[in-house]
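Student: generate coordinates for the sequence data below:
(chains A, B and C)
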Amino acid sequence: MPRIEIAVGAFLAAGLLALFFLALQATNLRLSGSTSGYTLIARFENIGSLRVRAPVTMAGVPIGRVTDIRFDPNTYEAVVELRIDPEIRTIPDDTFASIYTAGLLGEQYVGLSPGASDQYLQDGDSFANTQSALILEQMIGQFLFKSAEEPLP
Amino acid sequence: MRRFLAQLGRRGIAFFARLGRRFLLLLHILAGSGELFRHFDQLIRQLHGIGVRSVAIVSLSGFFVGMVLSLQGYQVLTQFSAEESLGLLVAASLVRELGPVVTALLVAGRAGSALTAEIGLMKTTEQLAALEMMAVDPIRRVLVPRFFGGLLAMPLLAGLFSAFGLLGGYLVGVDLLGVDAGAFWGQMQQRIDCYADLCSGIFKSLIFGLVVIWIALFEGYDSRPTSEGVGRATTRTVVQSALAVLCLDFVLTALLLGV
Amino acid sequence: MDPVVRIRGLRFARAGKPILTDLDLTVARGSVTAILGPSGSGKTTLLHLISGLLRPQAGQVELMGHPFPRGRRALYQLRTRMGMLFQNSALLTDLSVFENVAYPLRAHTDLSESMIRKLVLLKLQSVGLRGARDLMPNQLSGGMARRVALARAMALDPSLLLYDEPFTGQDPISLGILVRLIRQLNDASRLTSILVSHDVRETLRIADYVYLLDQGKIVAQGTPAQLAAENKPWVQQFLQGLPDGPVHFHYPAPDLLTDLLEI
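Tutor: Numbers count the residues shown, from 1 in each chain, chains lettered A, B, ... in the order given. Prediction:
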């Protein structure tokens, strides 16, 4: 019986270990992700198809994640909470937060373009400058509208 | 014509009677689940029989499936110069689909058939009737620990399958075909969701475990108590489990994706 | 004395085919009652009906003065007072001899481990297999397995013991042991035994009362001496094992010559 028990114990341990390995090594789960870091808030007129857990990048490097997306009924804006990794402490307060698309049809993410200010954003601060997602239909609409205004040569 | 109708009716009645017995057995097993805590050693024994003895075949299969996935995926992805996504492809296929499904098929063949044969044999040699005569409920005493042992073992085995699959995929993709190791892990870490992908995979394999073990136990318990009857029941277990797993996989995937 | 088993108008059919029809049977307390009959006469089915493994379709079975209980709990309660020896011995293959005999004790009593040990060893002693307690069932000969199963059936000191074909497939020595054991246990523990068999000689040696069963009906009954005096031809053919009589050697068939000449 003890031999069986040892074998079963080893099996359970190996199985759980395999699941943990998968969770940590192969998925977006980060054990430190939700507990450390600080939160910044960005308001957008339109977030397109941005999802919670989408990456936040600076110069193309992931430095955080979108943790929450709400709708503000007073300003009719989307309120997006960004959790920034704790070691990134120096984000200037005139930084631009924009929503970009990875590739032509890829997923959307928040890109930060640093400003020149020497005041840094603290936990709970909001971005002053944001740029909404580009919506393909709007762009096409504007383009058609413009070309309709211009007289034909 | 009348004979045809009678034949059809007889088949239909037999089919539904069987279905009813199936569900009654499941209810009986679930109602008897309290027995687990009184006879913990039985659960351990079954975890050994179903889980431990399937580890070798499951891990090895996972390893090879991962290697093949990597090889095939690379061929396709290079055509779009997207070989960086190889890790994503391998991991997504394993965690979402192949891990739960192939593990369930392997367990049905390896442990399910053995369970059916064991219980059928216990019926043939009157061991179940003997338990009954000793005023011990054979379902609680014999089927319950096997049921929960299988239920518990299945997701762990699926995890082992996927983990070894990733390892195999990594070996072929990175060491053999020269995909960048950072991209291999990075792409999957970014795009595979712990909840939507991994947890749904675990959920799937729990359901598969339930179905495979349920079929195996029922076929054994319902088998004709002759050596021929047990042989037939064993075959039925493997065929039905395989069909059930593949059908259910489609249904579950559709439900989980919210189609 | 009130009978241990009383059966009235029992009827049982399987898949539309009648197996037992309008059967009446009484088993007196303290007796060894045998049910004899050829294969396929419904003996084992009758035993399963008495033990509650099967339910009758008509008629009633009374055990120890009460009608057969409907509910599972009451049935199990009743079963702790009866033991059954199966044709295949039906030992649990993954448990040792000792654990097999201890099984009913562990399942139904809260006795201490040392108490269980004593009881099991006593039961094994009474079948002469105390020394085999650490063997596994697959290491036992057929006769030994049957004796272990007997010790297990006796574990809870039942008042009714059922034997399903106890003599089939036994060598002469273990046959002699079993025949003596059944009688001894019955008298020493004040049991009532019901024995189903087609081994005429051994059965008649120990039975107090015998029912002869053929095709689901009782054809004769009485003490062994009364049966020997019975002059129905079928009874004599069965009891003496004659190759031809009312039951013909040949299965019903057309005349051999016409059969051979047919194309």
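Student: may I see the buried residues of stretch A:87-98?
Tutor: A:91, A:93, A:95-98 (16 or more other CB atoms under 10 Å in any protein chain shown). To be clear about C-beta, it is placed using only N, CA and C from the backbone, and glycine gets the same treatment.
Student: next, format the residues you listed as CSV and append secondary structure, pLDDT and distance to chain B.
Tutor: Formatted as CSV, the buried residues of stretch A:87-98 follow (DSSP: H, G, I helix; E, B strand; the rest coil; pLDDT from 0 to 100; distance: CB to the nearest CB, whole Å):
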residue, secondary structure, pLDDT, distance to chain B
A:Ile91, coil, 87, 22
A:Asp93, coil, 85, 29
A:Thr95, coil, 88, 23
A:Phe96, strand, 88, 23
A:Ala97, strand, 89, 20
A:Ser98, strand, 89, 19
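Student: ok, which pair from the residues you listed is furthest apart?
Tutor: Spatially, the most separated pair among the buried residues of stretch A:87-98 is A:Asp93 and A:Ser98, at 16.1 Å (CB to CB).
Student: off-centre distance for the one helix or strand B:Asp41 maps to?
Tutor: B:Asp41 is located in helix B:40-46, with elements delineated by DSSP states H and E. A distance of 19 Å separates the centroid of the chain from that of helix B:40-46, by CA atoms, centre = their mean, to the nearest Å.
Student: repeat that for stretch B:204-224.
Tutor: 9 Å.
Student: quick one: check the longest helix along chain A for contact with chain C.
Tutor: Determined from DSSP state H, the single longest helix within chain A is helix A:2-26. No. Helix A:2-26 stays clear of chain C (CB under 8 Å from any CB of the partner chain), getting no nearer than 11.6 Å.
Student: which of the residues in that helix are buried?
Tutor: Applying 16+ other CB under 10 Å to helix A:2-26 flags A:7-8, A:11-12, A:14-15, A:18-19, A:21-23, A:26 as buried.
Student: not counting its neighbours along the chain, what's nearest residue 121?
Tutor: Went with chain A since none was named. A:Ile91 (4.8 Å; CB to CB, 6 or more residues apart in numbering or on different chains).
Student: my bad, chain C
Tutor: C:Arg130 (5.7 Å).
Student: can you tell me the element the closest residue to chain B within the stretch 101-250 of chain C falls in?
Tutor: Of all residues in the stretch 101-250 of chain C, the one sitting closest to chain B is C:Pro104 (4.6 Å; CB to the nearest CB). Counting by DSSP H and E, the element that carries C:Pro104 is helix C:97-108.
Student: now the helix or strand bottoming out on mean pLDDT in chain A: how far from the chain's centre is it?
Tutor: Sorting the helices and strands of chain A by mean pLDDT, DSSP states H and E puts helix A:136-149 at the bottom, at a mean of 79. Centroid separation for helix A:136-149 versus its chain: 29 Å, with CA atoms, centre = their mean.
Student: what's across from A:Thr101 in the sheet?
Tutor: On the basis of DSSP bridges, A:Thr101 is bridged to A:Gln108.
Student: what residues does chain B have near chain A?
Tutor: With CB under 8 Å from any CB as the criterion, chain B comes near chain A at residues B:41, B:44-45, B:47-48, B:51-52, B:55, B:91, B:95, B:153, B:155-157, B:159-160, B:162-164, B:166, B:185, B:188-194, B:197-198, B:202.
Student: and for stretch C:197-211, what's in contact with it?
Tutor: Contact partners of stretch C:197-211, identified using CB atoms under 8 Å, 6 or more residues apart in numbering or on different chains, comprise C:25, C:27-28, C:31-39, C:43, C:163, C:165-168, C:175, C:179, C:182-183, C:195, C:218, C:220-224, C:227, C:238-239, C:241.
Student: send the alpha carbons of it over as CSV?
Tutor: This file holds the C-alpha atoms of stretch C:197-211, laid out as CSV (Å, rounded to 0.1, in the frame of the first residue of the first chain):
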residue,chain,number,x,y,z
SER,C,197,-27.6,-28.7,-6.3
HIS,C,198,-27.8,-31.4,-8.9
ASP,C,199,-25.3,-33.7,-7.2
VAL,C,200,-27.8,-36.3,-5.9
ARG,C,201,-25.6,-38.6,-3.9
GLU,C,202,-23.9,-35.9,-1.8
THR,C,203,-27.1,-33.9,-1.3
LEU,C,204,-29.1,-36.9,-0.1
ARG,C,205,-26.4,-37.7,2.4
ILE,C,206,-26.9,-34.5,4.4
ALA,C,207,-30.4,-33.2,3.6
ASP,C,208,-33.3,-33.5,6.0
TYR,C,209,-35.9,-32.6,3.4
VAL,C,210,-35.6,-32.5,-0.4
TYR,C,211,-37.6,-30.8,-3.1
